[in-house]
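Visitor: sequence and computational prediction follow.
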Amino acid sequence: MSTRDASPPMLALRLLIFTTPRPYREALLGDLAQEFAVLSERSRSAAKIWYWRQALLSLLPLLGWQLRGGAVRTVLLVIATTLIGWVSVSLWDNYVARQSVATLAATENAPSLAVIRSIYFFLFAGGFSLLGAATAQWVFRRDWSFRFNVLVFLGPLSVAVLVVGVAMALSTQLIGYVMFRSVLSLIALIVGAYWAAQRSRAAR
Amino acid sequence: MAKNRFLGEFELLVMTAMIRLGKDAYGATIRAEIESRAKRSVTVGALYATLARLEDKKYVFSRVGEATPQRGGRAKRYFKITALGRTQLDKSVTAINRMLDGVSL
């Protein structure tokens, strides 16, 4: 039998990789591979059906396990850090970005308004992004996969941020500005989640 | 408080299977043991979710074992029941036996 024939169904395998918490993933997939190899010697198609059945029937318990392992805590953390982040960004905006460009604008050889606006933009966007990425890194520091964090937590959060962004934009007419902030914050959160996944991988 | 908790039915099956298997208790053997003795179909996801919960409660502990080519180079994870786990198992079995005492099924 070729190696390819003895391999479990790729999609079912990926489904299990995605849903199984990392500390037990290797053992779970190894157990399935072991039983799959034995079944394959009798019938390849029966072994594939068995593997698919195991993967599909395992979905609910595995997702339940992942969510019970810290979803409520993570949701609370996301809400708390959103509030803290809002205050922090406002403080950064008022006392660092605006103060810096105000000081610059008050000097004798002040640059043009376009340059001042650009400096303000980079100071604001830079601080905003760094803060968002650091916060997401802290919230998602658990040993979960990057894809799981993005799909389960950042996916719904992205939709919520965009809905709020659109609502704010409609009321303030600042569509470009609000959408820019929404997209920037989502990029920062995704970068932070990726950063957390890389750190957790390096720590193992 | 762990001392007041009773084990669920599936937790009880998993822990007794582990005691039966002794040093050879890992996912695949525990599953096979339950399926052959209890005649109950067990998915690998349900089994590992239960094992993780029991490990969180400190009723079992695990250690990483050897990897074999048949397992695609993936290591086994052996499970062993702790003293606290045995106490909880004993309490649950005693409670069930007391309830069944004198009952004809």
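Guide: Now that the structure is in, tell me what you want to look at.

Visitor: which single residue in chain B comes nearest to chain A?
Guide: When scored by C-beta to the nearest C-beta, chain B has residue B:45 as its residue closest to chain A, at 2.4 Å. For every residue, glycine as well, the C-beta is placed using N, CA and C.

Visitor: ok, that residue - contacts?
Guide: Taking C-beta atoms under 8 Å, 6 or more residues apart in numbering or on different chains, we find residue B:45 in contact with A:16, A:19, A:20, A:28, A:54, A:57, A:58, A:59, A:60, A:61, A:62, A:65.

Visitor: where does residue B:39 fall, phi/psi-wise?
Guide: Phi and psi for residue B:39, reported as degrees, to the nearest 10, are phi 50, psi 50.

Visitor: again with residue A:8
Guide: The phi/psi pair for residue A:8 (degrees, to the nearest 10) reads phi -70, psi 160.

Visitor: for it, give its distance to chain B.
Guide: Distance, residue A:8 to chain B, by C-beta to the nearest C-beta, to the nearest Å: 8 Å.

Visitor: my guess is that residue meets residue A:33, correct?
Guide: Yes: applying C-beta atoms under 8 Å, one finds residue A:8 in contact with residue A:33, separated by 6.6 Å.

Visitor: spell out which parts of chain B neighbour chain A.
Guide: With C-beta under 8 Å from any C-beta of the partner chain as the criterion, chain B meets chain A at residues B:26-28, B:31, B:43-46, B:48-49, B:51-53, B:64, B:67-68, B:70-72, B:74-77.

Visitor: host element of residue B:66?
Guide: Element membership for residue B:66, per DSSP states H and E: strand B:60-67.

Visitor: buried residues, that strand. List them.
Guide: Buried residues in strand B:60-67, counted by 16 or more other C-beta atoms under 10 Å in any protein chain shown: B:60, B:62.

Visitor: which helices and strands does it pack with?
Guide: The contact analysis (3 or more C-beta pairs under 8 Å, 6 or more residues apart in numbering or on different chains; DSSP states H and E) places strand B:60-67 against helix B:44-56, strand B:75-81.

Visitor: any idea how far it is from the middle of the chain?
Guide: In terms of C-alpha atoms, centre = their mean, to the nearest Å, the centre of strand B:60-67 is set 14 Å apart from its chain centre.
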